[in-house]
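Visitor: Here's a sequence, model it:
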Amino acid sequence: MPSSFSFLIAALLAGAAVPFQAGANAMLGRLLGHPLWATLVSLGVSVVLIVPVMIAFRVPVPTVGMALKGPWWIWIGGAAGVVYITAALLLAPRLGAASFIVAVIAGQMVASLVIDHFALMSFAHRPVNIARFAGFALIIGGLVVTQWASAIAPRAAQSDFNPVQKGDSK
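Guide: As a prediction, the model looks like this:
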């Protein structure tokens, strides 16, 4: 059985892919002329990639009836994916990869602390304590430092990307 450390390494590697996803989707949005097309294409590529994996692992066909009996919130994962992908391709080019990702992580921590504290979505109850709050505060500190560093960076490095109005120059 893999250790918690190997799970943390796997999560770290998965997290490392996220800034690349944001950058790739932002460029795709520019090339396709609208960010929502990039969201659709990104999710379509996900489907094209996961189906062969499911076939290779011989994943059985689900019993949709059981899912229909589940709580209402089991269906929000797809909506959250659309929100995240669209936000990433709109905001990452404007904020920069580091500022965008640290803001995303701060938002994830707020939501995660609430979910754990109130044992929402069938998670175990893990109350917010001083150590967990300190971890959150460090992330907020990272967000502030990252934003401060971005504010003093040369403006020449920032692009005039406007994903909604392709070809509109300033």
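Visitor: Any regions of the protein where pLDDT drops low?
Guide: Residue ranges of the chain with pLDDT under 70: 1, 153-170.
Visitor: Show me the helices in it, by range?
Guide: Assigned by DSSP state H, the helices in the chain fall at 4-32, 35-56, 64-68, 76-95, 97-117, 130-152.
Visitor: need the contact list for the residue nearest to V110 when sequence neighbours are not counted.
Guide: The shortest distance from V110 to any non-neighbouring residue, by C-beta to C-beta, 6 or more residues apart in numbering, is to F136 (7.3 Å). C-beta: built from backbone N, CA, C; applies to glycine. Contacts for F136 (C-beta atoms under 8 Å, 6 or more residues apart in numbering) come out as A106, M109, V110, L113.
Visitor: Next, format those residues as CSV and append neighbour count and distance to V145.
Guide: As requested, these are exported to CSV (neighbours: other C-beta atoms under 10 Å; distance: C-beta to C-beta, whole Å):
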residue, neighbour count, distance to V145
A106, 17, 12
M109, 18, 16
V110, 13, 18
L113, 17, 21
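Visitor: List just the nearest of these to L143.
Guide: Distance ranking of the contacts of F136 against L143, using C-beta to C-beta, places A106 first at 5.1 Å.
Visitor: among the helices of the chain, which is nearest F123?
Guide: Nearest of these to F123, taken as C-beta to C-beta: helix 97-117 at 5.6 Å.
Visitor: how far is that closest one from where the chain is centred?
Guide: Offset of helix 97-117 from its chain centre (C-alpha atoms, centre = their mean, to the nearest Å): 9 Å.
Visitor: and if you look at stretch 19-32?
Guide: Centre to centre, stretch against its chain (C-alpha atoms, centre = their mean), the figure for stretch 19-32 is 14 Å.
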